[in-house]
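Engineer: Mind folding the following:
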Amino acid sequence: MNEYLTRVLRAATDPDLEGDEAQAIRAKLAQAGLLDSSGTPRTRPSREAFERARRAAGGGTSLEDLVAEGRG
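Structural biologist: Here you go, the predicted structure:
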């Protein structure tokens, strides 16, 4: 299942990915109304911005601690 979802997400988000299988997945996503066809170009964040976001997301109280405290 993980492999399939990874392939679906890659097909939906990677415009450089070509091939019949990716096109078929995109067509299914479009038919289900799940494919963004707005044509709005997206750019990847810089490596530095990604690292900052990753560090920020890794901070705070862990889910394990919240559950242990009865707040989860």
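Engineer: Quickly find the element holding the spatially most central residue of the chain.
Structural biologist: Nearest to the geometric centre of the chain sits residue 9, at 6.6 Å (CA atoms, centre = their mean). For residue 9, the host element (DSSP states H and E) is helix 2-13.
Engineer: can you give me the helices in the protein?
Structural biologist: Along the chain, the stretches classed as helices by DSSP state H are 2-13, 20-31, 47-57, 63-68.
Engineer: Poorly predicted segments of this protein, please.
Structural biologist: Along the chain, the model assigns pLDDT under 70 to residues 12, 15-18, 72.
Engineer: re the thing from before, could you list the residues in contact with the helix holding residue 9?
Structural biologist: Here helix 2-13 makes contact (CB atoms under 8 Å, 6 or more residues apart in numbering) with 17, 21-22, 25-26, 29, 34-35. All C-beta spots, glycine's among them, are computed from the backbone N, C-alpha and C.
Engineer: ok, 6 Å please
Structural biologist: 17, 22, 25-26, 29, 35 (CB atoms under 6 Å, 6 or more residues apart in numbering).
Engineer: and it with helix 20-31, angle?
Structural biologist: Angle, helix 2-13 to helix 20-31, by axes from the mean of the first three to the mean of the last three CA atoms, to 10 degrees: 70 degrees.
Engineer: and helix 2-13, how far from the chain's centre?
Structural biologist: Centre-to-centre, helix 2-13 and its host chain are 9 Å apart (CA atoms, centre = their mean, to the nearest Å).
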